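> I would like the atomic coordinates for the input below:
(one chain, ligands or ions: 1)
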Amino acid sequence: MSGSAASSAVVAGVDIGGTKTSGALVAADGAVLARATRDTPARRGGAAMAETAALLVEELADAAGVRPGAVGVGAAGVVDPRTGSIRAASDMFVDWAGFPLGARLRERLALEVRVENDVNAFLLGETAWGSGRGSDVLGVMLGTGVGGALVLDGRLRHGPHGAAGEIGHTPGYGELICTCGRTGHLETLASGTSIARRYASATGRPIASARTVAERARAGDLAAVRVFDEAGRAVALACVSAATLVDVPLAVVGGGVAAAWDLLAPSVAAILASDPPVSGAPLRVVPGTLRGDAVVLGAAALVSASDQSFSSTPFAEGELVRDVAS
Ligand SMILES: [Zn+2]
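Below is the predicted model of the structure:
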């Protein structure tokens, strides 16, 4: 990054996912000045993953000729937002749980670094620059699994165990076994993985992905339509339950499955009409608009000068944390 001008108005956002690490330089108004993606070396351990993120930031700075004033990271796993360390992670990441990601990047880049869970970052992105603008918002991310996040009074809610908003692992949605080992969680109906699996078991036809199920639904395949109907119904019920409990008027749904919003929307609308929150105020459930950029932009929002309202509230050290794959 030598030779490039430092600008505190420009920050870097990095999204460390299971297969790809994406980064962008972001201006104060959310405009993306440069972007790049590398493979995540998830099998080579935390140090290799951190180095990939650092190289990405340097590459972006060189490409744009601007040194970012700070770096925000959205990372898979349970994150301690105070230190930026990874507290728990799924088995697909070698030596990730316990890795001091924030400290390593701070030392490596000599910049302020803040780290959040990737689903929290998604919601920060949508509240800052997407369809989730507001001070009280629920975020639901329908990807490989189902993640969730809460912004309350303009602040990300972490909870005493760092697991606030984990809506994917709430029970009451049937008899299927969840990835976490429990039964009937929202994730068993609404994740991309479960949509593909449920279509395959209904039709006897193995299928690669939820995207293919969506294509078949749009072509009139009734089994495919039914799987999306049930997913949308479950997501809407979960949103209504969460929104009723904490009185949020808006839920933003992101992740790859949200690209099939046309297929989810009918059953979502039906549930919102039949089961509105008791407050009498309508709950809006909308698709995210930042798509694949939501985590990167939310990570940038973590450290953006324009968005200090979304400061993190740390939770206590040493608390028991579930091993959650996000
Ligand atoms: Zn579960």
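
> what's the next secondary structure element after the least confident helix or strand in the chain by mean pLDDT?
The weakest-scoring helix or strand in the chain, judged by mean pLDDT, DSSP states H and E, is strand 5-7 (a mean of 58). As assigned by DSSP states H and E, the chain's next helix or strand after strand 5-7 is strand 11-16.

> Walk me through which strands that next one pairs with, and which way each runs.
Using DSSP bridges, the strands paired with strand 11-16 in its sheet are strand 20-26 (antiparallel), strand 70-75 (parallel).

> can you tell which of the ones you listed is closest to residue 96?
strand 70-75 (8.4 Å; Cβ to Cβ). All C-beta spots, glycine's among them, are computed from the backbone N, C-alpha and C.

> Follow the chain on from the closest one and name the next helix or strand.
strand 78-80.

> elements contacting that following strand?
strand 85-88, strand 112-117 (3 or more Cβ pairs under 8 Å, 6 or more residues apart in numbering; DSSP states H and E).

> and among the strands paired with strand 11-16, the most buried is which?
strand 70-75 (a mean of 28; mean count of other Cβ atoms under 10 Å).

> Compute the inter-axis angle for that strand and strand 112-117.
Here strand 70-75 points in a direction 20 degrees away from that of strand 112-117 (axes from the mean of the first three to the mean of the last three Cα atoms, to 10 degrees).

> Quickly find the element holding residue 216.
Residue 216 belongs to helix 210-218, assigned by DSSP H and E.

> Could you see whether the ion lies near the helix or strand that that helix is followed by?
Downstream of helix 210-218, the next assigned helix or strand under DSSP H and E is helix 222-246. No. Using Cβ under 5 Å from the ion, helix 222-246 never reaches the ion; the gap is at least 12.3 Å.

> How about helix 222-246, which residues are buried there?
223-225, 227-240, 242-243 (16 or more other Cβ atoms under 10 Å).

> The ion contacts on this protein?
So the chain meets the ion at 169, 178, 180, 182, 185 (Cβ under 5 Å from the ion).

> Got a quick ChimeraX command for the buried subset of those?
Burial among the residues of the chain next to the ion is assessed by 16+ other Cβ under 10 Å; the matching ChimeraX selection reads:
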select :169,178,180,185
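
> Would you format the residues of the chain next to the ion as TSV with distance to residue 116 and secondary structure included?
Below are those laid out as TSV (distance: Cβ to Cβ, whole Å; DSSP: H, G, I helix; E, B strand; the rest coil):
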residue	distance to residue 116	secondary structure
169	19	helix
178	24	coil
180	21	coil
182	25	coil
185	23	coil
